[in-house]
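Engineer: sharing a model prediction with you, sequence too.
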Amino acid sequence: MCLAHSRWLEVASTDAVQILELSTSTMSTQKSAKDKKWHRFMNLFGSSSSHPPTSKKRQVYNTVNVGLDIVANIAEGSDVLAPLKAACRTTKSILEATEDNQEEWAELTGRVKGYMSTVEEQIALFEAYPPEDVAVNEAFSQPLAHYVKCLEDMHDKVINLKEKRSLNKHAFSKAIIKVKIDAEEILKLNRDIEDRHGQFMVRASSVLITSSLKTQGALGLFTALRVQSVEQNTKFIKAGVEATKANVETVLANVETVLTDADSAAILQLPTVAFVASSVHRACLTGTREAVLQSIWHWASDVTSDKPIFWLCDIAGSGKSTVAMSAAAAWRNEGVLGGQFFFSLTSSEGSTIDKFCSTIARDLVDYMPNLAPHVAGAVKRHPAFMRSSLQEQFRMLVINPLHHLQGRVILVIDALDECKSGSQRRELVEMLSTAVKEVTNLKIFMTSRPDPVIQAVLGSLSIKSKLEDRLHDIHHRDNIDDIATYIHKELKDVLPEAKRLRLVEKANGLFIWASTACRMLSSETTLDLPESIYDRLISVDQTGEIDDVYKLVFERIDPKSHTIMSSMLALLLAAFEPLSTDDLDDIFKNLGLKWSSRALVQNLGSVLSVDPSTHLVQFRHPTLVRIPWTVSLPQLPTTHTLHLDVTKAHGQA
């Protein structure tokens, strides 16, 4: 199930020889080349002698000379991992040369350590697979060889800089001020290694050994592309289709030639929206929304249906995005998901259609690898595609590539109403309605709140299947049962069953009410007892009113902190892109305010979320963005008004 190792060894050997400027034709030629390198490194240390260097200098040279190991290992043909291991050893040699812990080396050392870790991970992934399943071709060996050469050159530069520094110290050993290496040189080293590592990680995409997700960068994008292609073939075989080894190798060979370097570069030109739906939304809890999901599965699998559009329309907070997440995950596992776009009021990019087409196109490449060359071809033919109209972009990047696909493909578009411009919403829905008529194997699943613009376009169309008000209507018993399942799971160890059932009634079919209440009751940062919070929730006059729950959240904050809270929330609204806790602290510091954003975010955890890796702060639900931001808090000892001055915050953000 792989390319012949001999072919790879031949290609990789040629590349390594070119990089090191050596000839592998005979051992004597290798020896001669090594002698030349001895002279080059002797010159590096300021010696013109042809005698072997001292043991210390030989150690430095041997560290740099790991590139020669590529030729030796490849010539033996015994270790397909030799090039990766050589890259790793060379990286380690750079780290050894920067071990003096000077402040100006910190960034470079950290970057090199990270890259070395990445290469080590790739080695581990290779070693986890049997040799017969490892296929490496020129698309991998060539960029890897260039990468090793870059690492060698960088080591030379590091040694040069250290030698310069050493000479300076020797000449001014009695001086008080120590000579520091030029910061510009270190900055250039940082740029060089970042650029070369990035090129390697993108162009090494023909390796079929990793399962990285696309959010892990360019390597993940293209490696996952290959992996998914192989997985599709594997599933096909497991389904009972008999294929000879020769046929399988032919399929894999075709997969490996899907993307050229130019294709990879073209695909990377497709801009995507930075907003990640999974950072805010979750899939349905197992055992919930089963009736709704069954309706969606039936629509998706019905190849005879004349309704290629499914419109899930319901009120705010009813759980539409959760259903969309579940649908997207299921269709991705099934291999029919073409792309997904989750609109969001909390993101400037995610609330417009500017990057809609390019984001869907990138998803096509990731989810359906066989379409990658067609998407890349469209970008290469139309390099100024971002200046084209929405319709032209969608035709170039999505419709035309889909003509090369025979099986069905489904696009998931969530929260259409959170596209801020009514004209853009109209344009998008009209375009999608036209697209499904032209591409007969295309289906589109979309969600939104009741919206007159969307209704005006889809209302009279016979090609849509609409499910309206199904998620929150209490006349559907399963809605109440689903909320009960959720509340019992979240609050099993917090409240007795009788009180949990009372909360189910109070939620009145609205999932956002239930989820926010559960977060309030299970918060580890509050000093209030769960029973006290429960009493406040039950005391709310109306059922299922999320604004009332938000008021309760704010009431629990110490009145002395209301000024801080309102300022921070206003900044989050004004910034229109997620800010990190560090960003907020910096803003407060610049304003001369001794406030801690982390402490306040923890206390507002029921309405705000913080990404653990990026520390970005986001609103858990758009209903919080849309509420009137002059809120009276009458249950405080003295009536207090919470007002967010967003206009002022614009000047501070």
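Structural biologist: That came through, no problem. If you're wondering where the values come from, they're calculated on a predicted model, not measured in any experiment.

Engineer: shaky segments in the stretch 501-650 of the chain?
Structural biologist: By pLDDT under 70, the low-scoring segments of the stretch 501-650 of the chain are 525-527, 541-547, 550, 552, 555-558, 576, 606, 621, 623-650.

Engineer: how about the helices in it?
Structural biologist: 511-522, 530-539, 546-555, 562-575, 581-590, 597-603, 622-626, 646-652 (DSSP state H, counting those that start in this stretch).

Engineer: possible to save those helices as JSON lines with mean neighbour count and distance to residue 493?
Structural biologist: Heads up, the C-betas are built off the backbone N, CA and C, glycines and all. Rendered in JSON lines, the data for these read as follows (neighbours: other CB atoms under 10 Å; distance: least, CB to CB, whole Å):
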{"stretch": "helix 511-522", "mean neighbour count": "23", "distance to residue 493": "9"}
{"stretch": "helix 530-539", "mean neighbour count": "16", "distance to residue 493": "10"}
{"stretch": "helix 546-555", "mean neighbour count": "19", "distance to residue 493": "22"}
{"stretch": "helix 562-575", "mean neighbour count": "20", "distance to residue 493": "29"}
{"stretch": "helix 581-590", "mean neighbour count": "16", "distance to residue 493": "29"}
{"stretch": "helix 597-603", "mean neighbour count": "18", "distance to residue 493": "21"}
{"stretch": "helix 622-626", "mean neighbour count": "19", "distance to residue 493": "27"}
{"stretch": "helix 646-652", "mean neighbour count": "13", "distance to residue 493": "39"}
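
Engineer: between these, which gets nearest to residue 266?
Structural biologist: Counting by CB to CB, residue 266 lies closest to helix 562-575 out of these; the figure is 32.8 Å.

Engineer: by contact count, what packs against the closest one?
Structural biologist: helix 581-590, helix 597-603, strand 640-643, helix 646-652 (3 or more CB pairs under 8 Å, 6 or more residues apart in numbering; DSSP states H and E).

Engineer: out of the helices of the stretch 501-650 of the chain, flag the one nearest residue 392.
Structural biologist: Per CB to CB, nearest to residue 392 of the helices of the stretch 501-650 of the chain: helix 622-626, 30.3 Å.

Engineer: list the buried residues of the helix or strand containing residue 365.
Structural biologist: For residue 365, the enclosing helix or strand under DSSP states H and E is helix 356-367. When neighbours are counted by 16 or more other CB atoms under 10 Å, the buried residues of helix 356-367 are found to be 356, 357, 358, 359, 360, 361, 362, 363, 364, 365, 366, 367.

Engineer: same for that helix, what does it pack against?
Structural biologist: helix 218-238, strand 337-342, helix 372-381, helix 390-394, helix 400-402.

Engineer: mean pLDDT lowest for which of the ones you listed?
Structural biologist: Here the lowest mean pLDDT among these goes to helix 218-238, at a mean of 48.

Engineer: residues contacting the nearest residue in space to residue 448 that is not next to it in sequence?
Structural biologist: Distances taken as CB to CB, 6 or more residues apart in numbering place residue 416 nearest to residue 448, at 4.0 Å, with adjacent residues excluded. With contacts defined as CB atoms under 8 Å, 6 or more residues apart in numbering, residue 416 is in contact with 343, 425, 428, 429, 446, 447, 448, 451, 454.

Engineer: please name the nearest non-neighbouring residue to residue 371.
Structural biologist: Counting by CB to CB, 6+ apart, residue 371 lies nearest to residue 401, which is 4.7 Å off, once chain neighbours are set aside.

Engineer: surely the one you found meets residue 369?
Structural biologist: No - at 11.7 Å, residue 401 does not count as touching residue 369 under the criterion of CB atoms under 8 Å.

Engineer: those two: which has the busier surroundings?
Structural biologist: residue 401 (25 against 22; other CB atoms under 10 Å).

Engineer: pull up the gap between that one and residue 423, please.
Structural biologist: 27 Å (CB to CB, to the nearest Å).

Engineer: now do residue 468
Structural biologist: Relative to residue 423, and taking CB to CB, residue 468 is found at 24 Å.

Engineer: now for the closest residue to residue 281 other than its chain neighbours, how many residues are close by?
Structural biologist: Spatial nearest neighbour of residue 281, excluding adjacent residues (CB to CB, 6+ apart): residue 321 at 4.5 Å. The number of residues packed near residue 321 is 23, by other CB under 10 Å.
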